[in-house]
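Engineer: The sequence and its predicted three-dimensional model are supplied below.
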Amino acid sequence: MESEFEFNNGKINVDFEKQNGLVPAIVQDAHTKNVLMLGYMNAESLQKTLNTGLVTFYSRSRQILWTKGETSGNFLHLVSLKSDCDNDTLLVQATPDGPVCHLGTDTCWGETNKLQCGFLTELEAVITDRRKNPTDKSYTASLFKKGINKIAQKVGEEAVEVVIEAKDHDDNLFLNESADLVFHFLVLLQAKEHRFADVLEVLRQRHK
């Protein structure tokens, strides 16, 4: 028998009977999409979460409800909630007030809760390494050595190349020039002491 809950003018069905009245609740940062922690909910804690907007769990050891942050002040503010295909696991997206783990780390896996941009984040790490540990054979290091004016000039040149190729019909050239533009833009951002995530944050704020 599944229980039905109302949330954001919709319905959430949850099967609490499979696991003796409890279901695992995976908490994900609504902004960075990083997994913050895993807790367990029963019907009462889920309803309290929906009513208060503060993520609340059921403690298996103490056998009581507990709202995350009630001691530390680092509450988890509910953004969205949905059940999986079998209705026996919950995905909770929330906004944390601070570190989630009781050990003081951002996540219960000891990770930093920063926005990740897939391969762009990996590429930024390489660019950072070239800046901090320059070699004569590194093109990236040579750009940093030439200074901000040269880097900015390269971004402008690559942008012009993208515009030129956009008017043509060679997708391969267009994509390659686009990749060159993105790369040099990442270098420029670091030369200005910024990261791509900072640009995304500006876009996110505009979206509001």
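Structural biologist: Happy to help now that I have it. Numbers count the residues shown, from 1 in each chain.

Engineer: In the helix or strand containing Leu65, which residues are buried?
Structural biologist: Assessed by DSSP states H and E, Leu65 sits inside strand 64-67. Across strand 64-67, burial judged by 16 or more other Cβ atoms under 10 Å covers 65, 67. Every C-beta, even on glycine, is put in place using the N, C-alpha and C of the backbone.

Engineer: just use 48 as the starting number from now, easier for me
Structural biologist: Yep, numbering from 48; the last one is strand 111-114 now.

Engineer: Show the subsequent helix or strand relative to it.
Structural biologist: Counting by DSSP H and E, the element after strand 111-114 in chain order, helix or strand, is strand 123-130.

Engineer: Which neighbouring elements make contact with that next one?
Structural biologist: Strand 123-130 sits against strand 57-61, helix 90-99, strand 137-143, with contacts defined as 3 or more Cβ pairs under 8 Å, 6 or more residues apart in numbering; DSSP states H and E.

Engineer: List the contacts of Leu69.
Structural biologist: 63, 87-89, 105, 107 (Cβ atoms under 8 Å, 6 or more residues apart in numbering).

Engineer: contacting residues for the residue at the greatest distance from the centre of the chain?
Structural biologist: Outermost residue of the chain with respect to the C-alpha centroid, by Cα atoms, centre = their mean, is Asp215; its distance is 36.2 Å. By Cβ under 8 Å, 6+ apart, the residues touching Asp215 are Phe221.

Engineer: mind checking how far it is from Glu204?
Structural biologist: Using Cβ to Cβ, to the nearest Å, Asp215 is found at 17 Å from Glu204.

Engineer: repeat for Leu250
Structural biologist: Taken as Cβ to Cβ, the span from Leu250 to Glu204 is 25 Å.

Engineer: quick one, which of the two is more surrounded?
Structural biologist: Higher neighbour count among Leu250 and Glu204: Glu204, with 13 against 8, using other Cβ atoms under 10 Å.

Engineer: The more buried one should be in a strand, yeah?
Structural biologist: No - looking at Glu204 with DSSP: H, G, I helix; E, B strand; the rest coil, it is helix, so not inside a strand.

Engineer: Tell me where the model's unsure across the chain.
Structural biologist: Scanning the chain with the threshold set as pLDDT under 70 gives 48.

Engineer: Please enumerate the helices of it.
Structural biologist: Assigned by DSSP state H, the chain shows helices spanning 90-99, 166-179, 186-193, 195-213, 218-238, 243-254.

Engineer: Contacts only, for Tyr105.
Structural biologist: Contact analysis of Tyr105 by Cβ under 8 Å, 6+ apart lists 69, 87-89, 91-92, 111-113.

Engineer: what do you get for Phe232?
Structural biologist: Counted by Cβ under 8 Å, 6+ apart, Phe232 has contacts Val202.

Engineer: That one and Asn60, how far apart?
Structural biologist: Separation of Phe232 from Asn60 (Cβ to Cβ): 46 Å.
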